[in-house]
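> got a sequence here, can you model it:
(one chain, ligands or ions: 2)
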Amino acid sequence: MEASNRPLRKVNGRIAIGVDPGYGATKVAVYKPRDNGDPRFALAVTPSVVGLPTGNTDARLFADGKIRRRDTKMPHAIRFAKDGGDYDYLVGPHLDTYANSIERMDFDRFTSGTQLALIYASISELLNPGFTDGVIMAVGLPVQLLLGDGENRRIVRGIAKNLEGEHKWVFDSQRFGMFISKVNCKVAQPLGSFFEWGLDCNGVWQRAKNDATAPVAVIDMGYNTIDCLVSSGGQISSHTRGDTIGMRRACELATALVSRAYGQVYLSLHEADTMLREYLKNGDAYAYVGGQQVSTSGACRDALESVASDALNFAERTLGRRATQYRILLTGGGGAALFEMFSKHYRQAELLYQPVTANARGLLKVATSIAGRL
Ligand SMILES: Nc1ncnc2c1ncn2[C@@H]1O[C@H](COP(=O)(O)OP(=O)(O)OP(=O)(O)O)[C@@H](O)[C@H]1O
Ligand SMILES: [Mg+2]
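Ligands and ions are numbered 1, 2, ... in the order given. A predicted model of the protein is given here:
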């Protein structure tokens, strides 16, 4: 995350923003100019959890600005009004200390005040305070939502309606605003990674002509979903395993395995996720039972292997017997977590550069290309 007084890159007088509202984290990308004028990415990642500053004196005082945000480990307070209602949330680090948190997993969250708060918070890390005019935004959505029925189409229309137009909010006592003149929310999230791989910073194809028609599969392993995008002969199709095999499944499995070994152990999803990350980084992980540190490495290993094998089954079913013909690009935080196991089976698999924000960077390129055509 960064705050900078440097200007944003403008294309045809517009500011392009890419948004990947993941279940685990909301990722936002913008371009800022380097000293020599070339664009560079600026990125913000906000965990997709918001806190209600109620029922807890610290939280209320904090949201009201009476307790000051002293360091980077404290949450941010965010306030805005929308459709006649006032919204008042905390977002970012150490929410649990300050507030009751809300972590939504349903599709209606995309049109909710909580999702708006997460987008505003991420944008506040990247834009200067004050009003930003002429924003073009590309928002990536889960494949399951975009492939869905009438109810899902209503949600997708609602997202665009929610975002287009004027926005005003207060982030840690600083006033922000923007006018979004155009929103594209028809892009499936893994398509963001495909564009990040294939397009240049102006949204123009930058790879060999053959790469545009060669068989490429992007497998996006997120917190709650695994989506796959298949591009072959210039035709693109999207597939999903739905919401049962993201990293959240690994978190739940690891918690159940730890409980089986040591008796009922309560771990929040966030704690289990941190434990899995610890295991991936160090090959070791621990939890506390009755004040004693116990090893959870076996549980982490088994949970990750189980989710990796589900992901492999999904890839096998999606790509079929022609899988060896595909260039396979892994993306998303789950891609980073499971890459080693996945690439034992698919030797040609590649992990995209900074996979957690790859969708957002590609969506920024989509928004830039829209701005360039206006
Ligand atoms: N560098 C990393 N190494 C290993 N795991 C990681 C890494 N970065 C993120 N993760 C894990 O990846 C998961 C989140 O991935 P990601 O941010 O892609 O999900 P998301 O896009 O929010 O979810 P979804 O796509 O389901 O909506 C978390 O479990 C997180 O701990
Ligand atoms: Mg994702």
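
> please count neighbours and contacts with C-alpha atoms only from this point.
Noted.

> how about the longest strand seen in the chain: buried residues?
Identified as the longest strand of the chain according to DSSP state E is strand 174-188. Of the residues in strand 174-188, those buried by neighbour count under the rule 16 or more other Cα atoms under 10 Å are 175-180, 182-188.

> ok, F176 - contacts?
By Cα atoms under 8 Å, 6 or more residues apart in numbering, the contact list for F176 reads 124, 128-131, 168-170.

> with L276 instead?
Here L276 is in contact with 251, 285, 300 (Cα under 8 Å, 6+ apart).

> now swap in T318 and tell me
228, 239.

> element containing it?
helix 297-319 (DSSP states H and E).

> repeat that for I370.
Applying DSSP H and E, one finds I370 within helix 358-372.

> quick one: mean pLDDT over that helix.
Across helix 358-372, the average pLDDT comes to 97.

> could you export that helix as PDB, CA atoms only?
In PDB, the C-alpha atoms belonging to helix 358-372 read as follows (Å, rounded to 0.1, in the frame of the first residue of the first chain):
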ATOM      1  CA  ALA A 358      -2.400 -10.000 -11.400                       C
ATOM      2  CA  ASN A 359      -6.100  -9.800 -12.000                       C
ATOM      3  CA  ALA A 360      -6.300  -6.200 -10.800                       C
ATOM      4  CA  ARG A 361      -3.300  -5.300 -13.000                       C
ATOM      5  CA  GLY A 362      -4.900  -6.800 -16.000                       C
ATOM      6  CA  LEU A 363      -8.200  -5.100 -15.200                       C
ATOM      7  CA  LEU A 364      -6.300  -1.800 -15.100                       C
ATOM      8  CA  LYS A 365      -5.100  -2.500 -18.600                       C
ATOM      9  CA  VAL A 366      -8.700  -3.200 -19.700                       C
ATOM     10  CA  ALA A 367      -9.800   0.200 -18.200                       C
ATOM     11  CA  THR A 368      -6.800   1.900 -19.800                       C
ATOM     12  CA  SER A 369      -7.700   0.500 -23.200                       C
ATOM     13  CA  ILE A 370     -11.300   1.800 -22.800                       C
ATOM     14  CA  ALA A 371      -9.900   5.200 -21.900                       C
ATOM     15  CA  GLY A 372      -7.700   5.100 -25.000                       C
END
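
> thinking again about what came up before, put together a markdown table for the contacts of F176, with neighbour count, secondary structure and distance to ligand 2 on each row.
Output for the contacts of F176, formatted as a markdown table (neighbours: other Cα atoms under 10 Å; DSSP: H, G, I helix; E, B strand; the rest coil; distance: Cα to the ion, whole Å):
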| residue | neighbour count | secondary structure | distance to ligand 2 |
| --- | --- | --- | --- |
| S124 | 24 | helix | 21 |
| N128 | 19 | coil | 27 |
| P129 | 18 | coil | 28 |
| G130 | 13 | strand | 30 |
| F131 | 14 | strand | 29 |
| K168 | 17 | strand | 27 |
| W169 | 23 | strand | 26 |
| V170 | 19 | strand | 27 |
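
> quick check: of those residues, which lies closest to ligand 1?
S124 (18.9 Å; Cα to the nearest ligand atom).

> quick check: the closest one touching F171?
Yes: counting by Cα atoms under 8 Å, S124 touches F171, with 6.9 Å between them.

> and the closest residue to T357 other than its chain neighbours, what are its phi and psi?
If the residues on either side of it in the chain are set aside, T357 comes closest to K27, at 6.3 Å by Cα to Cα, 6 or more residues apart in numbering. Backbone geometry at K27, expressed as degrees, to the nearest 10, gives phi -110, psi 130.

> now stretch 100-119: mean pLDDT?
Stretch 100-119 comes out at a mean pLDDT of 88.

> now do the same end-to-end measure for that stretch.
20 Å (Cα to Cα, to the nearest Å).

> is any part of it close to ligand 1?
No: on the criterion Cα under 6 Å from any ligand atom, stretch 100-119 is out of touch with ligand 1, staying 8.9 Å away.
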